[in-house]
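[1] Output the structure for:
(chains A and B, ligands or ions: 2)
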Amino acid sequence: MAVHNIIESVNLALKEEMKRDDRVIVLGEDVGVNGGVFRATIGLLEEFGDNRVIDTPLSENGIVAGALGMAVNGLRPVAEIQFMGFVYYILNHIICHAARLRNRTRGRITAPLVIRVPYGAGIRAPEHHSESTEALFTQIPGIKVVVPSTPKDTKGLLTSAIRDPDTVIFLEPKRIYRAIKEDIPEEEYTIPLGKARMVKEGKDITVICWGAMVRVVETVSEEAEKENIDIEIIDLRTLSPLDKDTIITSVEKTGRALVVHEAPKTCGLGAEIVALINEKALLSLNAPVLRVTGQDIAVPLAKGEDYYIPSVDRILQGLKKIINF
Amino acid sequence: MLIDEYDPLKNKRLQILDENGNVNSELEPKIEKKDLIEIYKYMVLSRIADEKAFALQREGRIGTYPPLKGHEAVQIGSAFAMNKNDWLFPVYRDMGAMLVMGVPLDLIFLYWMGNENGCRFPEGTNVFPIAIPVGSQISLGMGFSWASKLKKEKAVTLISFGDGATSAIDFHDGLNFAGVFKTPTVFLCINNQWAISVPRTKQSASKTLAQKAIGYGFNGIQVDGNDILAVYAVTKEAVDRANKGDGPTLIEAVTYRMGDHTTADDASRYRSEKEIDEWRGKDPIARFKSYLGSKQIWNKNFEKETRKEAEDLVDEAVKKAEAEPPPDIEDFFKYTYAEMPWHIKEELEELKESLKE
Ligand SMILES: Cc1ncc(C[n+]2csc(CCOP(=O)(O)OP(=O)(O)O)c2C)c(N)n1
Ligand SMILES: [Mg+2]
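    Numbering: from 1, shown residues only, chains lettered A, B, ... in the order given. Ligands and ions are numbered 1, 2, ... in the order given. Sure thing, here's the model as predicted:
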């Protein structure tokens, strides 16, 4: 065991998988000599050479189209997009090709490709560097979407993503890249995609969250305890496909649920989760399921981003609305 | 005509004022004395404002900032060559060009401090907000200039972008449409040799970036980007051509990013001190200074006054930006649509309520 933060865990998973499988290659802007703008790929060029760690020209479309072609042709590319604000350039290839190849060819051609994307607000970054638009991807059939919230999960989930037979969008909560450290097993391990993590069991209300919001909800839980509200916290880990069983079992137990996410509320993933609970567990509910999310506005610049990101106070406010219903 | 003569395929690069201050008098543009002084003042102001922004970032008074040091000739020279009706679509590093175009310095600081009000330029300022998604201004700015043509207005759009941006899909779209529709556009590629850690040679296998224009059916020209006379002359010619209906031009200004990519970058990880030193010897301000010296405009006293004036302007701008109250909470919501829909109103109310408690 050794102590690592999230960004180091990304690096460890890449390194291990590259050692294990020489089809795994890393490509993107500044991933080689510079080791990535967040240093996720540091040391990889030195260890694996520039045939497997590739600094590309500045085009997200080019990076992902290229990686997709490589995936089709037998490699296991892991592409890096520097910030989620620049991920929109890749949508065409993801929607029109990566997501459909398996279906179009009736299973003959597939796209085992990982796209790593740091996402989210909270680091006082410039404009277009704070987006959290995961729902754009969860809406696409054929694509998996994964978001870790701890160093240990990061390594296990990224390893699984690289080994997965389908395209995985791997969203990294950059706000907590270096905020959490924990012991991580030295040996290789995987954490299955599609399985949520029970962060804390509780009896009064289920709070469903992911990524950087998990830590905020943990703080909320401590606050709520002072008022005798016992929260059950679910970290989804995989946003698509959802872990229906964990969500529904929990809601059936607590009878109440709140979804917390950074993305704007309207048509965010929260809407899907609420719909799922309605479809599967309506009669277990003692109160409507609510959402505490980013607002339906552009993510404000540094001076305003704290208004946007769900705060402990806003989440508590939502909790109480449900409890006092 | 410079643009016809300096064919990038023939390895030609326009230079008028060389590194030692020698002038090619045949090509020397005629610039009035008062304008020469103005140009120098803007160069000095840009550099001092840039150094200030960097220092403010280190003190935690401003957010991530992209230094412009080394770009003074490209930015000031090109902006000076534009006419009153022309528009600039700047890249994030373009503070100098924006100042020439009339964007108040305090607003530029305010923006980098993370306040949206810094992005609302005064009426009559022909400057689009800076582009952060690299290259997106190239196609968008082309559309703006296309409209000028369709509306039969005499206005040129100058779009500036980096060497890295030539790899963006928008570069293709912008130049292709501009060629097809003969739009009044000047594409100014500021080739500063690096796109964060990726060197120019890895960005494109093309020998020059200027020659890419040829594939789109119009002229490209390479110019010494640290030579303000050359930048000015070639931009002026490109603007005049566009105004006459002769369509777009691609200018590749060869220069160097003297600083880190941004305050969040550490360029020593990927480039050598020796390379930076070489370019230090080609400093655009020093070169123009010696030109002004040969014209009996520059002397020590003039330098002192110019610097003092610039320092005062910068101090005032910082004061003003820092005195600006934080943005009004409603402002984050009310510009989403012309009219605020019910759900955004509700979200605003919820936020206000949570702040009360
Ligand atoms: C579409 C997009 N991808 C990535 C980035 C991150 N990024 C910001 S600047 C930059 C390099 C740009 O280089 P260049 O165009 O040469 O301009 P320079 O910074 O050198 O002035 C990168 C990769 C971005 N802002 N936009
Ligand atoms: Mg560059």
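[2] Mind splitting the chain into its structural domains?
    All of this is about chain A. According to automatic domain parsing, chain A comprises the domains A:2-184, A:197-323.
[3] let's do chain B instead
    Per the record, chain B has its domains at B:2-326, B:329-357, by automatic domain parsing.
[4] Buried deepest among the ones you listed, which one?
    Most buried of the domains of chain B by mean neighbour count (mean count of other Cβ atoms under 10 Å in any protein chain shown) is domain B:2-326; its value is a mean of 20. C-betas here are computed from N, CA, C, even on glycine.
[5] Tell me how many other residues crowd the residue in chain A that chain B sits nearest to.
    Per Cβ to the nearest Cβ, the residue of chain A with the smallest distance to chain B is residue A:302, at 2.5 Å. Neighbourhood size, residue A:302 [other Cβ atoms under 10 Å in any protein chain shown]: 20.
[6] One more: the one 10 residues further on?
    The number of residues packed around residue A:312, counting by other Cβ under 10 Å, is 16.
[7] now it: how far from residue B:325?
    25 Å (Cβ to Cβ, to the nearest Å).
[8] Have a look at chain B and report its longest helix.
    Using DSSP state H to define each element, chain B has its longest helix at helix B:33-58.
[9] and it, what other elements does it pack with?
    helix B:72-80, helix B:95-100, helix B:105-112, helix B:228-243, helix B:284-294, helix B:300-323 (3 or more Cβ pairs under 8 Å, 6 or more residues apart in numbering or on different chains; DSSP states H and E).
[10] wait, which of these is closest to ligand 1?
    Taking Cβ to the nearest ligand atom, helix B:72-80 is the member of those nearest to ligand 1, at 10.3 Å.
[11] Please list the outside residues in contact with that closest one.
    Applying Cβ atoms under 8 Å, 6 or more residues apart in numbering or on different chains, the external contacts of helix B:72-80 come out as B:35, B:38-39, B:42-43, B:46-47, B:68, B:88, B:94-98, B:100-101, B:158, B:160, B:186, B:188, B:190, B:225-232, B:235, B:251, B:253, B:255, B:284-285, B:287-288.
[12] and what of stretch A:153-163?
    By Cβ under 8 Å, 6+ apart, the surrounding residues in contact with stretch A:153-163 are A:4, A:6, A:9-10, A:12-14, A:16-17, A:21, A:24, A:76, A:78, A:114, A:116, A:144, A:146, A:148, A:168, A:170, A:172, A:184, A:188-193, A:197, A:235, A:237-238.
[13] what residues are up against residue B:36?
    By Cβ under 8 Å, 6+ apart, the residues touching residue B:36 are B:292, B:295, B:297.
[14] swap in residue A:126?
    Contact partners of residue A:126, counting by Cβ under 8 Å, 6+ apart, are A:301, B:63, B:64, B:92, B:112, B:132.
[15] The third one against residue B:265, yeah?
    No - counting by Cβ atoms under 8 Å, residue B:64 sits too far from residue B:265 to count as a contact (9.2 Å).
[16] what's the residue closest to the geometric middle of chain A?
    The centre of chain A sits closest to residue A:147, judged by Cα atoms, centre = their mean, with a distance of 1.8 Å.
[17] go on, chain B?
    In chain B, the centroid-proximal residue (Cα atoms, centre = their mean) is residue B:94; its distance is 3.1 Å.
[18] Taking the stretch 1-150 of chain A, what residue is nearest to ligand 2?
    Here the residue of the stretch 1-150 of chain A nearest ligand 2 is residue A:58; by Cβ to the ion that distance is 9.0 Å.
[19] In contact with the closest residue to residue B:276 other than its chain neighbours, which residues?
    When the adjacent residues along the chain are set aside, residue B:276 lies closest to residue B:258, with 6.7 Å between them (Cβ to Cβ, 6 or more residues apart in numbering or on different chains). For residue B:258, the contacting residues are B:67, B:69, B:70, B:276, B:279, B:280, by Cβ under 8 Å, 6+ apart.
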